[in-house]
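Undergrad: the following comprises the amino acid sequence and a computationally predicted model.
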Amino acid sequence: VNGLMTLGFAGARQHTNLCNESLMLEKLPACGKSFEEMMKKVDSKKWCNLTEFIMYYDNFTQCTEREANNASCFWPNPLAEGFITGIHKQFFSNCTSEKVHWEDPPDEILITLILIPVTLTCAMITLVVWCSKRSDIL
């Protein structure tokens, strides 16, 4: 009963704010323009290095969140994500992750890395068997 009354009173006082998507879409480009101006300070060759522009990107993210909230929209939402994706395509489309080419270590290191655990395992098994046969010591 208490929960229903609380829900009823809260519903009576609370007016629902609907997301004003058109206002949000009108305001988000200002965030993109600001980010674009800040990114002009960074050499385009360094656009794939996040440490070079992390503060600018943080400001951009906060701006998009603020504008979505001002329009009574939750953040992130599909429209804001679409806008952010467009900014990513504009600035970071050439930032593909490089495939790491793995290769085996030299044979000497590889043999050592294999033999050490095998030797330790055999030594532990021998120690356990030896101790179990010498129950008079324990």
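TA: Looks like it arrived, so ask away.
Undergrad: hey, where'd the strands end up in the protein?
TA: For the chain, applying DSSP state E gives no strands.
Undergrad: not counting its neighbours along the chain, what's nearest the residue positioned nearest the centre of it?
TA: Ranked by distance to the mean C-alpha position of the chain (CA atoms, centre = their mean), the top residue is residue 50 at 12.7 Å. Leaving aside its chain neighbours, residue 50 sits nearest to residue 57 (7.3 Å; criterion: CB to CB, 6 or more residues apart in numbering). Where C-beta positions appear, they are placed from N, C-alpha and C, glycine not excepted.
Undergrad: that neighbour: neighbour count?
TA: 17 (other CB atoms under 10 Å).
Undergrad: check the gap between it and residue 114 for me.
TA: 45 Å (CB to CB, to the nearest Å).
Undergrad: with residue 108 instead?
TA: According to CB to CB, residue 108 stands 11 Å off from residue 114.
Undergrad: identify the contacts common to these two.
TA: With contacts taken as CB atoms under 8 Å, 6 or more residues apart in numbering, residue 108 and residue 114 have no neighbour in common.
Undergrad: what pLDDT does the residue nearest to residue 50 get?
TA: Residue 57 is assigned 95 on the pLDDT scale.
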